[in-house]
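Asks: Okay, sequence plus prediction incoming.
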Amino acid sequence: MAVTSTRIGRDEVVLLMGAVPERLSGLVSGLDEPRLAYRHAPAFPTLRETIGHLCEAGVAVDGLLRRACLDGLRELPVRATIDPPHDPDLSPPVPELLQTFARVRRRTLDLLRGLPPEAWERTVVDPLQGELTLLEVCRLVTEHELAHLSQLRGLIALLPAG
């Protein structure tokens, strides 16, 4: 009996990466500042913090992918870029964060769609995770971003009635 892989392929990765900014905008549209700043408990992030993290990390990851594809850089801080250790910059308004993320992601998707199949197997070296193919990097990005979308849905569902 043949074993089939459940790992998503490059077409699915590109599709999912493209859906994240749109899905994020849809989830948070119509939320006012008090709801964005609401903290459910001390250990929980606010919606604004999660949105800021997702947008800031998304833009940084897209820059990392472009450097790998266009500049051929091999040593890249993949994990640190996907999940930076610092708090996101929360000074821009949420609509501006969302617009920037969507614009940068569209450019990255155009680049990824144009890659030949062998380019997806190009490897980069992350100091924390070792050698990864470009496809594996995109899978990590996708998994991370989808987890944050799920987190946002949960936080939104728990908002007090306003």
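Replies: Nice, thanks for sending it over.
Asks: From the structure, what's the count of residues near the nearest residue to Arg35 once chain neighbours are set aside?
Replies: When the adjacent residues along the chain are set aside, Arg35 lies closest to Leu159, with 5.7 Å between them (CB to CB, 6 or more residues apart in numbering). In this view, the C-beta of every residue, glycine as well, is placed from N, C-alpha and C. Counted by other CB atoms under 10 Å, the residues lying close to Leu159 total 14.
Asks: Also Arg106?
Replies: Look at Arg106: counted by other CB under 10 Å, it has 13 neighbours.
Asks: Who are the packing partners of the helix or strand hosting it?
Replies: Under DSSP states H and E, the secondary-structure element containing Arg106 is helix 94-113. In terms of contacts (3 or more CB pairs under 8 Å, 6 or more residues apart in numbering; DSSP states H and E), helix 94-113 is packed against helix 10-28, helix 47-70.
Asks: Make CSV from these and add mean pLDDT and mean neighbour count to it.
Replies: Written out in CSV, the entries for those read as follows (pLDDT from 0 to 100; neighbours: other CB atoms under 10 Å):
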stretch, mean pLDDT, mean neighbour count
helix 10-28, 96, 17
helix 47-70, 95, 20
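Asks: Nearest approach to Leu109 belongs to which of those?
Replies: Nearest to Leu109 among the helices and strands packed on helix 94-113 is helix 10-28 (5.0 Å), distances taken as CB to CB.
Asks: could you give the angle of the closest one to helix 94-113?
Replies: Angular relation of helix 10-28 and helix 94-113 on a 0 to 180 degree scale: 170 degrees, by axes from the mean of the first three to the mean of the last three CA atoms, to 10 degrees.
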